[in-house]
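1. Model the following, please.
(2 chains)
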2 protein chains.
Amino acid sequence: MAEKKVGNQTVVFKNPPVVLAGYTVVGPKEGAGPLKDTFDLVLKDTYNGEKSWEKAEMKMLETSMRGAANKVNIPLECIDYSLAGDLLNQLVCSNFASRQIGLPFIGLYGACSTMALSIALGAMLIDGGFATKVLCSASSHHNTAERQYRLPTEQGNQRPLYAQWTVTGAGSLVLSDAGNGPKVTTATIGRIVDFGETDANNMGAAMAPAVADTIINHFNDLNRPSDYYDLVVTGDLGTVGLQLVSDIIRKSNLNIKNLNDCGVMIYKPEQDTHAGGSGCGCSAVVLGGYILNQMFKGELKRVLLIGSGCLHSPTTALQGETLPSIGHAISLEYI
Amino acid sequence: MAEKKVGNQTVVFKNPPVVLAGYTVVGPKEGAGPLKDTFDLVLKDTYNGEKSWEKAEMKMLETSMRGAANKVNIPLECIDYSLAGDLLNQLVCSNFASRQIGLPFIGLYGACSTMALSIALGAMLIDGGFATKVLCSASSHHNTAERQYRLPTEQGNQRPLYAQWTVTGAGSLVLSDAGNGPKVTTATIGRIVDFGETDANNMGAAMAPAVADTIINHFNDLNRPSDYYDLVVTGDLGTVGLQLVSDIIRKSNLNIKNLNDCGVMIYKPEQDTHAGGSGCGCSAVVLGGYILNQMFKGELKRVLLIGSGCLHSPTTALQGETLPSIGHAISLEYI
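-> Numbers count the residues shown, from 1 in each chain, chains lettered A, B, ... in the order given. Now for the predicted structure:
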């Protein structure tokens, strides 16, 4: 039986599920960034052979789902559940990709925290005995997200320097009750935290308090030293949010030296994305690409990923509401 | 350890979680229907003292969450997770209600199947040892949903006779690892099924094949006789979808006599809703109200609820896509 103390937010898995493989698909901009060699497929353009950006994103997500299962030669019918989410209204990319693969489907919405949420729940389903294999996925697309949340990209509006760039990318992981690979050892499901930020371009500032809350609770719940992990990686705060989280946790006497952010890692400064990457796909492809590669090579042994989601809605923003945010954490370890 | 055979969709809980209580809030129209005496709170108007329908729905959902916990005197801080979803983009009602109650939050999207999905996952989290108490919730609001998915209600457009009426309602259930009440004994997570329906007013026809798929798999997986349940209730197909499901399952040699639908049950024919109710809130309040009441009274001992979700998106509809659908089932039993 898994362990979770009442009042704690963190679950410790009894039989930690194994990450057998990840598969990542990214757009051309991400494929020109510093992590380009860690992705499985780099698209030549943002249309991915389709007539709309939404259809392009659906196909990317389906490709990543099939790719992850194929990489370890697991037929789709041997996978118990697909857990997936994306940024689009009604999770259309996850729905349509899941229709194509035909698995029992659990739709999740956690904005950019979705990949961590799907892994946390997927691991619970396996450790709880409800599944032997699950597929955990998330996607985003720069052009589908921008036109839904802000303005059509064709308009070419100027973005503030603290804005982040929604990543075009899809990532899927196969989790299993047995096999070789890093294990999902713990999960910390986040609470919604809202410090009153209202600028939908300043996602990093909106998300930082929620992410810091989850990090602090994770370390407190487990009583782990602040240098326990080789890498503590938020996904995706960008440069502004990462600096804020860093400040908040230092004040809580957590001295985490190896703190980084998927949104900061995915682009080069000269790619002109301003504060870095964002979107469900950002942490999905950095985790499924760079981080998993480093773990399989033995370069990283203990990683804490905190998926960060700004639960921004254009409708409630127009009604004067603020930007509630959330952070979900999972730890991956070679044990 | 829970039992789930590979290839089967149905999980049988080892220590079936208990439904301690439900709390339901509905709008005036639902409060004038045949189930009016089974709801905890009937609003006087659709604004619920707020300035927008979205804010009204958020408040309804928060009221149902707090109401369910209060009914059994459980402080919110003793609840491990809140699992919730609604029909609005970015799940704004669930997000904002969850911000107010401050619990670790898992956001789910399954369109109108959300209540069944949240109970299925909530039961897995408890039976798996990751929680002792969870809150499972869903909401919808006629005016917020209609303006997002179809047309503003102020326009007074004529609706076809096969259209359903989105229910204004919010329901929450407290699930626990111990206590008195009906138990969640099994869960069948659905697959996405799409027979090519494109008329967004004809949700019943779109959802029927997905719901029938889940019902047939549920009975096959467990090898249960077709008269096993006192009530097999779909939520919410309306009259058109219910007839179609009934036809499909009869052809599969499943002779279920006591088949009904939350959308058919919630309104009187003279309330002029056409094909009946729909929306996440529909099955949430019929389950949390009428069905739970009947179970607590001993009038119903075994119930199968199949939440039905039409994963309709106005964006993909404009791009020529069809209406994929899903059905998730849970069984409640006094054992």
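
2. dump the residue contacts of residue A:150.
-> Going by C-beta atoms under 8 Å, 6 or more residues apart in numbering or on different chains, residue A:150 touches A:157, A:200-201, A:314. Placement of C-beta: from N, CA and C, glycine included.

3. Pull out the buried residues from these.
-> A:200-201 (16 or more other C-beta atoms under 10 Å in any protein chain shown).

4. Kindly present the contacts of residue A:150 as CSV, with separate columns for distance to chain B.
-> Output for those, formatted as CSV (distance: C-beta to the nearest C-beta, whole Å):
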residue, distance to chain B
A:157, 20
A:200, 12
A:201, 16
A:314, 8
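
5. Which of the contacts of residue A:150 sits closest to residue B:87?
-> residue A:314 (15.9 Å; C-beta to C-beta).

6. Now do the contacts for the closest one.
-> Neighbour list for residue A:314: A:148-150, A:200, B:89 [criterion: C-beta under 8 Å, 6+ apart].

7. Strands of chain A, start to end?
-> Assignment of strands within chain A using DSSP state E yields the ranges A:10-12, A:18-26, A:41-42, A:81-86, A:105-107, A:133-140, A:165-166, A:169-176, A:183-188, A:231-235, A:259-261, A:277-278, A:302-310, A:325-333.

8. elements contacting the fourth one?
-> Translated: strand A:81-86. Applying 3 or more C-beta pairs under 8 Å, 6 or more residues apart in numbering or on different chains; DSSP states H and E, one finds that strand A:81-86 contacts helix A:53-71, helix A:92-101, strand A:105-107, helix A:114-127, strand A:133-140, helix A:280-286.

9. closest one to residue B:220 among the ones you listed?
-> Among the helices and strands packed on strand A:81-86, if distance is taken as C-beta to C-beta, the winner is strand A:105-107, at 19.0 Å.

10. Quick check: residue A:85 vs residue A:189, distance?
-> Relative to residue A:189, residue A:85 is positioned 15 Å away (C-beta to C-beta, to the nearest Å).

11. coming back round to it: could you tell me which of the contacts of residue A:314 are located in helices?
-> A:148-149 (DSSP state H).

12. now the contacts of residue A:314 as a markdown table including pLDDT and distance to residue B:205?
-> Shown next, in a markdown table, are these (pLDDT from 0 to 100; distance: C-beta to C-beta, whole Å):
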| residue | pLDDT | distance to residue B:205 |
| --- | --- | --- |
| A:148 | 94 | 28 |
| A:149 | 93 | 32 |
| A:150 | 91 | 36 |
| A:200 | 92 | 38 |
| B:89 | 95 | 24 |
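
13. want to throw the contacts of residue A:314 into a markdown table with distance to residue B:303?
-> Below are those laid out as a markdown table (distance: C-beta to C-beta, whole Å):
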| residue | distance to residue B:303 |
| --- | --- |
| A:148 | 39 |
| A:149 | 40 |
| A:150 | 45 |
| A:200 | 43 |
| B:89 | 32 |
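
14. and which of the contacts of residue A:314 is nearest residue B:216?
-> residue B:89 (32.6 Å).

15. leaving aside the residues next to it on the chain, what's closest to the closest one?
-> residue A:89 (4.2 Å; C-beta to C-beta, 6 or more residues apart in numbering or on different chains).

16. is it true that the one you found touches residue A:149?
-> No. Taking contacts as C-beta atoms under 8 Å, residue A:89 lies outside contact range of residue A:149: 10.0 Å.

17. quick one, which of those two is more surrounded?
-> Per other C-beta atoms under 10 Å in any protein chain shown, whichever of residue A:89 and residue A:149 has more neighbours is residue A:149, with 23 against 20.

18. how about the more buried one, what does it touch?
-> Going by C-beta under 8 Å, 6+ apart, residue A:149 touches A:87, A:200, A:312, A:314.

19. Keep only those of the residues you listed that are in helices.
-> residue A:314.

20. out of the contacts of residue A:149, what pair is the most spread apart?
-> A:87 and A:200 (13.0 Å).

21. returning to what we had before: can you pull the contacts of the residue nearest to residue B:89?
-> A:148, B:89-90, B:313-315 are the contacts of residue A:89 under C-beta under 8 Å, 6+ apart.

22. Please convert those to a markdown table, extending it with distance to residue A:294.
-> Below are the contacts of residue A:89 laid out as a markdown table (distance: C-beta to C-beta, whole Å):
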| residue | distance to residue A:294 |
| --- | --- |
| A:148 | 33 |
| B:89 | 36 |
| B:90 | 33 |
| B:313 | 37 |
| B:314 | 42 |
| B:315 | 37 |
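
23. Could you report the pLDDT at the residue lying closest to residue A:47 once chain neighbours are set aside?
-> Distance criterion C-beta to C-beta, 6+ apart; nearest residue to residue A:47, sequence neighbours excluded, is residue A:56 at 5.2 Å. Residue A:56 is assigned 98 on the pLDDT scale.

24. How many residues are close by residue A:56?
-> Residue A:56 has 23 neighbours, counted by other C-beta under 10 Å.

25. so it makes contact with residue A:44?
-> No. With contact defined as C-beta under 8 Å, residue A:56 and residue A:44 do not form a contacting pair (11.5 Å).

26. Skipping adjacent residues, who's closest to whichever residue of chain A sits closest to chain B in space?
-> Residue of chain A nearest chain B, by C-beta to the nearest C-beta: residue A:128 (2.3 Å). With C-beta to C-beta, 6+ apart as the criterion, residue A:128 has its nearest non-adjacent residue at 2.3 Å, and that residue is residue B:128.

27. wait, doesn't that neighbour sit right on residue A:129?
-> Yes. In this structure, residue B:128 is within contact of residue A:129 by C-beta under 8 Å, at 6.8 Å.

28. ok now stretch A:24-36, how far from the chain's centre?
-> Centroid displacement of stretch A:24-36 relative to its chain, using C-alpha atoms, centre = their mean, to the nearest Å, is 16 Å.

29. residue contacts, the closest residue in space to residue A:242 that isn't next to it in sequence?
-> Spatial nearest neighbour of residue A:242, excluding adjacent residues (C-beta to C-beta, 6+ apart): residue A:261 at 4.4 Å. Shown in contact with residue A:261 (C-beta under 8 Å, 6+ apart): A:233-239, A:241-242, A:276.

30. Return the residues of the stretch 151-300 of chain A in contact with chain B.
-> Applying C-beta under 8 Å from any C-beta of the partner chain, we find that the stretch 151-300 of chain A lies next to chain B at A:189-194.

31. May I ask which of those has the most neighbours?
-> Top of those by neighbour count (other C-beta under 10 Å): residue A:189, with 32 neighbours.

32. Spatially, which residue comes closest to that residue, not counting chain neighbours?
-> residue B:104 (4.1 Å).

33. can you pull the contacts of residue A:219?
-> A:226, A:228, A:254.

34. Quick check: pLDDT value at the closest residue to the last one other than its chain neighbours.
-> It refers to residue A:254. Distance criterion C-beta to C-beta, 6+ apart; nearest residue to residue A:254, sequence neighbours excluded, is residue A:226 at 4.9 Å. Looking at residue A:226, its pLDDT is 95.

35. Hmm, residue A:226 is touching residue A:258, no?
-> No. Counting by C-beta under 8 Å, residue A:226 sits too far from residue A:258 to count as a contact (9.9 Å).

36. more neighbours, these two?
-> residue A:226 (18 against 14).

37. residue contacts, the more buried one?
-> A:219, A:254-257.

38. Is it possible to mark the buried ones in those?
-> The buried subset of the contacts of residue A:226 - by 16+ other C-beta under 10 Å - is A:219, A:254, A:256.

39. Run through the residues that contact the last one.
-> By C-beta under 8 Å, 6+ apart, the contact list for residue A:256 reads A:215, A:226-227, A:229, A:232, A:249.

40. Buried among the residues you listed? Make that a ChimeraX selection.
-> For the buried members of those, the matching ChimeraX selection, counting by 16+ other C-beta under 10 Å, is:
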select /A:215,226,229,232,249
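
41. could you dump the contacts of residue A:261 to CSV with pLDDT?
-> Converted to CSV, these look like this (pLDDT from 0 to 100):
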residue, pLDDT
A:233, 98
A:234, 98
A:235, 90
A:236, 91
A:237, 97
A:238, 97
A:239, 97
A:241, 98
A:242, 98
A:276, 97
